[in-house]
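1. The sequence isn't on hand, but the structure is:
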């Protein structure tokens, strides 16, 4: 086969130099046609759109043609011609075809609709479907948007450890990291495991959050963000929970509650606008096939001012809804941790726009949140979105050593894990604030997908660590 430089399909479909000899490589999506001429839809992953290859059957051997099946990988040389069919302006009249990889009829992605559940069972092949190609291209674009946003604001990307000995959110949901032989554990006279001979010489786990280390960095570099994998050993089999997920966590010195809410709103609008500007083809496909209201909802978030709502007022609104006959599965009262049905009522029905909720009761929030003068509430902020509920959780951090210490003792958090964190309050403490955004929750919103397992390539959930 004559060597012509390969053109990616995304670039080829923009070309207008008809008559040029071109080469494309990719996988067969479909093949149809008559006895004289066949049409092959070829896709190489660079775009949702396929390029049409027109094959005059008289010019190719039976032997070759029988290998051109759905899923087969081809290299095609041919003439770039103006497409007469609707949809695209360019197609290729094939002069040479080479089958780089044949694909037999056991290939599970034959031309028909597949359920998301079935595709999860073949997660190693699902990137080749239109839907997952679109989702993963958008995932990449959202990562780029995040880095660009913070870089342009002068934040520094700070890498926090994946293996850690501290539990940021409270006990019991951590995956242990060990080199010990689990069949033969050394224990002391109280039955506790002895970690002397373990790799780190102490109990170690996978991180649940980079926040605490991020706070240290913010008190030195001013404004930082982390963006990496985090792990939660929660036995949550819901469409919104993963055991391994990615988290974006900025932390900013000298920021107060107003600064924090402005940053949250600006950040999420930047990401959504980036998707609208840079992922149009993929969004239009998802809008058509997955969620008919997707693009309209994304545009609305970019154009709308987010509501600022104190928790106490939010509870009043929900109690009034109950009084008027609205049925919630979970009870509403001051002090309750809002369920996603409550969050979605406020966002979708009451305000019909995103809500940043603030000033939560301290009992339902983490120990590090700054306490308000009322002694009852803390300066936490949750950004609530249509269809998913909470997408961002953040707070102003308690910078006062004595108040933080009192809270740690109240909650019986072991001091051996906390001394280094408390040092930031002892040595030149400063006001600071930050938030955490679950990257996959953002992707659920931007893609319109219904299940968080379908926006990460290989989902890790209870009883599932395949591939």
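-> Now that the structure is in, tell me what you want to look at. Everything numeric in this text was worked out from a predicted model, so none of it was measured.
2. beta partners of residue 434?
-> Beta-bridge pairing of residue 434 under DSSP bridges involves residue 251, residue 395.
3. quick one: it from residue 107, how far?
-> Between residue 434 and residue 107 the computed distance is 47 Å (CB to CB, to the nearest Å). To be clear about C-beta, it is placed using only N, CA and C from the backbone, and glycine gets the same treatment.
4. The two: which is more packed in?
-> Using other CB atoms under 10 Å as the criterion, residue 434 and residue 107 rank with residue 434 on top: 25 against 13.
5. For that one, list the residues it contacts.
-> The contact partners of residue 434, taken as CB atoms under 8 Å, 6 or more residues apart in numbering, are 211, 214-215, 218, 249-252, 255, 260, 394-395, 397.
6. What is the lowest-pLDDT residue among those residues?
-> Lowest pLDDT within the contacts of residue 434 is found at residue 211 (93).
7. ok, how many other residues are close to that residue?
-> Count around residue 211 with other CB under 10 Å applied: 26.
8. likewise residue 317?
-> For residue 317, using other CB under 10 Å, the count is 16.
9. tell me which element it falls in.
-> According to DSSP states H and E, residue 317 maps onto helix 311-323.
10. hmm, who's touching the helix or strand where residue 220 lies?
-> Secondary-structure assignment from DSSP H and E places residue 220 in helix 211-221. Contact with helix 211-221 is made by 156, 158, 160-161, 166, 168, 224-226, 249-253, 368, 397, 420-421, 424, 428-430, 432, 434, 436, as judged by CB under 8 Å, 6+ apart.
11. among those residues, which ones are buried?
-> 158, 160, 166, 168, 224-226, 249-253, 368, 397, 421, 424, 429, 432, 434, 436 (16 or more other CB atoms under 10 Å).
12. Disregarding flanking residues, what is the spatial nearest neighbour of residue 340?
-> residue 389 (3.4 Å; CB to CB, 6 or more residues apart in numbering).
13. how close does that neighbour get to residue 186?
-> 45 Å.
14. ranges for the strands of the stretch 201-350 of the chain?
-> 204-206, 223-231, 244-253, 307-310 (DSSP state E, counting those that start in this stretch).
15. how about the last one: buried residues?
-> For strand 307-310, the neighbour count (16+ other CB under 10 Å) marks 307, 309 as buried.
16. strand partners of that strand, parallel vs antiparallel please.
-> strand 355-361 (parallel).
17. The partner strand to helix 311-323, inter-axis angle?
-> Angle, strand 355-361 to helix 311-323, by axes from the mean of the first three to the mean of the last three CA atoms, to 10 degrees: 110 degrees.
18. Any chance you could list what contacts strand 355-361?
-> By CB under 8 Å, 6+ apart, strand 355-361 touches 257, 261, 264-265, 306-312, 314, 334-335, 338, 343, 346-347, 369, 372, 376-384.
19. distance between the next helix or strand after it and the chain's centre?
-> Where DSSP H and E defines the elements, the next helix or strand beyond strand 355-361 is strand 377-385. Put simply, strand 377-385 sits 20 Å off its chain's centre (CA atoms, centre = their mean, to the nearest Å).
20. same check, this time on stretch 263-276
-> The answer for stretch 263-276 is 14 Å, by CA atoms, centre = their mean.
21. Same check on stretch 121-132?
-> 17 Å.
22. Quick one: end-to-end distance for that stretch.
-> 14 Å (CA to CA, to the nearest Å).
23. Now do that stretch, average pLDDT.
-> 96.
24. if we look at that stretch, which residues are touching it?
-> By CB under 8 Å, 6+ apart, stretch 121-132 touches 27, 45, 48, 71, 108-109, 114, 119-120, 133, 136, 285-286, 289-290, 454, 457-459, 466-467.
25. Buried only: go through these for me.
-> 27, 48, 71, 109, 119-120, 133, 136, 285-286, 290, 454, 459.
26. roughly how far apart are residue 75 and residue 44?
-> Taken as CB to CB, the span from residue 75 to residue 44 is 11 Å.
27. any common contacting residues for these two?
-> 24, 25.
28. Return the residues in contact with the nearest residue to residue 297 once chain neighbours are set aside.
-> Closest residue to residue 297 apart from its sequence neighbours, by CB to CB, 6+ apart: residue 386 at 6.4 Å. Applying CB under 8 Å, 6+ apart, we find residue 386 in contact with 297, 344, 347, 348, 354.
29. got a list of what the residue of the chain positioned farthest from its centre touches?
-> The centre of the chain is farthest from one residue, residue 58, which by CA atoms, centre = their mean lies 48.8 Å away. Contacts for residue 58 (CB under 8 Å, 6+ apart) come out as residue 36.
30. That one in helix, strand or coil?
-> With DSSP: H, G, I helix; E, B strand; the rest coil as the basis, residue 58 sits in helix.
31. what pLDDT does it get?
-> The model's pLDDT for residue 58 equals 95.
32. mind showing which ranges of the stretch 251-400 of the chain have poor pLDDT?
-> Along the stretch 251-400 of the chain, no part satisfies pLDDT under 70.
33. let's see it at 90
-> By pLDDT under 90, the weakly predicted segments of the stretch 251-400 of the chain are 340, 387-389.
34. what does the stretch 51-200 of the chain give?
-> 84-89, 110-113, 165-174, 184, 186, 191-192.
35. That one: strands as residue ranges?
-> Going by DSSP E, counting those that start in this stretch, the stretch 51-200 of the chain shows strands at 51-56, 73-82, 90-101, 156-157, 163-164, 176-177.
36. what does the fifth one rub up against?
-> It stands for strand 163-164. 177, 200, 204, 205, 206, 207.
37. what do you get for the last one?
-> Residues outside strand 176-177 that contact it (CB under 8 Å, 6+ apart): 163, 199, 200, 203, 204, 205, 206.
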